[in-house]
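Novice: Next input, structure requested:
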Amino acid sequence: MAKLEIHQFPCLSDNYGVLIHDAERGVTAAIDAPNADQVKTALAEKGWKLTYILTTHHHADHTDGNLALKAETGCVIIGPKGEAGKIPGIDTEVGEGDAFRLGSFQVHVLETGGHTLGHVSYWIPAAGVAFVGDTIFAMGCGRVIEGTMEQMYASLEKLAKLPPATRLYCGHEYTVANAKFALGIEPGNAALVKRAEEVQKLRAAGKPTLPTRLDVELETNPFLRWNSPEIRQRLGLEGADNWKVFAEVRERKNRS
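Specialist: Have a look, this model is predicted:
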C-alpha cells in the first residue's frame with residue numbers, strides 16, 4: 001500500500017508549512033505556501049519536487065509563496081472556488097464534495113467557511129489526515145472574519161464527524177495561548193488540564209504541538225465542546241442551541 005510522507009515545518013512567525021509526498025508516484029504537494037523560500041528550503045531538505053499547492057484560503061500568510069513557487073516549479077495550484085479570485089495563480093477550483101487524485105491518494109474537499117467565506121479543508125481518508133488551515137487549531141479555532149458564527153459552527157461540526165483518529169494539520173502554532181483560554185472556559189476538564197501541561201513542556205523544549213488528533217480535540221477543544229454541561233453552565237446557556245454556545249465561546253476568545 002502506498003505511503004503518504006508528511007513533512008511539517010515552521011514558517012513566518014507562527015505558521016506551519018506542510019509538504020506531503022507519495023514516493024511511489026513521485027508527487028509532492030505543499031499545503032498552502034506561506035513563504036516561497038521556506039517552502040523551497042523544505043523541498044530541498046527532503047529532495048522532493050513540488051507538483052501541487054493545495055490552498056485552504058486566500059489570506060496572504062497562506063498564499064504569499066504561490067506565484068514564486070509556480071514560476072520556479074510549474075506546480076498546479078488547487079484552491080477554493082468560493083474565493084478563487086483572491087488565490088494567486090490558481091489553476092483548479094474545488095468545492096464541497098469534490099475529490100481528486102494526488103498520486104495514489106484520493107483527496108476529498110470539505111467547505112469549512114467562517115474564517116474566510118470560501119475556506120476549504122482537504123481530507124485524505126486513506127492516510128488518516130486532514131489539512132484544516134485556519135478552521136481548527138489545537139484547542140482553538142480560527143477567528144470568524146468573513147463568515148457568520150452559524151457558518152463556522154457548521155464547519156466545525158462537519159470536521160467533528162471525521163473518524164476520531166484523524167490527524168489534523170493546522171495553520172498556526174497557537175496552542176499554549178489556546179490552552180490557557182480553554183482552562184478558563186472548562187477548568188473541570190481533567191483531560192484538558194493534563195493536555196495543557198503537555199503542550200507547555202513541548203513548547204518549552206522547542207517542539208511543535210501539531211499535528212493534533214480529532215479525538216483529542218473532541219475531549220479538550222472548547223470550540224468543539226458545545227455539549228459540555230460545565231461549559232453551558234459557566235456561560236449560562238444550559239438550554240441554548242449548540243451554535244449559540246460555540247458563538248459565545250468564540251466571542252469570549254475574541255475579547256481575551
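
Novice: what are the phi and psi values for Val76?
Specialist: Recorded main-chain torsions at Val76 are phi -90, psi 130, according to degrees, to the nearest 10.

Novice: give me the beta-bridge partners of it?
Specialist: Listed by DSSP bridges, the beta-bridge partners for Val76 are Tyr52.

Novice: tally of neighbours for it?
Specialist: For Val76, the number of neighbouring residues by other CB atoms under 10 Å comes to 16. C-beta coordinates here come from the backbone N, C-alpha and C atoms, glycine included.

Novice: That one and Lys244, how far apart?
Specialist: Val76 sits 41 Å away from Lys244, taking CB to CB, to the nearest Å as the criterion.

Novice: With Pro88 instead?
Specialist: In terms of CB to CB, Pro88 sits 37 Å off from Lys244.

Novice: contacting residues around Lys253?
Specialist: If a contact means CB atoms under 8 Å, 6 or more residues apart in numbering, then Lys253 has Gly140, Phe181 as its contacts.

Novice: List the buried residues of the host helix or strand of it.
Specialist: Here Lys253 is covered by helix 242-255, with elements defined by DSSP states H and E. Neighbour-count burial for helix 242-255, with 16 or more other CB atoms under 10 Å as criterion, is recorded at Trp243, Lys244, Val245, Phe246, Ala247, Glu248, Val249, Arg250, Lys253.

Novice: And the helices in the stretch 1-150 of the chain?
Specialist: Ranges of helices within the stretch 1-150 of the chain are 36-46, 60-63, 66-73, 149-160, based on DSSP state H, counting those that start in this stretch.

Novice: In CSV, list those helices along with mean pLDDT, mean neighbour count and distance to Leu237.
Specialist: Below are the helices of the stretch 1-150 of the chain laid out as CSV (pLDDT from 0 to 100; neighbours: other CB atoms under 10 Å; distance: least, CB to CB, whole Å):
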stretch, mean pLDDT, mean neighbour count, distance to Leu237
helix 36-46, 98, 16, 42
helix 60-63, 98, 20, 33
helix 66-73, 98, 17, 41
helix 149-160, 98, 20, 13
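
Novice: need these in JSON lines with distance to Leu235, can you?
Specialist: Listed next are the helices of the stretch 1-150 of the chain as JSON lines, based on distance: least, CB to CB, whole Å:
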{"stretch": "helix 36-46", "distance to Leu235": "40"}
{"stretch": "helix 60-63", "distance to Leu235": "31"}
{"stretch": "helix 66-73", "distance to Leu235": "40"}
{"stretch": "helix 149-160", "distance to Leu235": "14"}
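
Novice: and Leu210, what element?
Specialist: Assignment of secondary structure by DSSP H and E places Leu210 within no helix or strand.

Novice: Give me the nearest residue to it, chain neighbours excluded.
Specialist: Sequence neighbours aside, Cys170 is the residue nearest to Leu210 in space, at 5.5 Å (criterion: CB to CB, 6 or more residues apart in numbering).

Novice: what pairs with that neighbour across the strands?
Specialist: The bridge-partner assignment for Cys170, based on DSSP bridges, gives Gly133.
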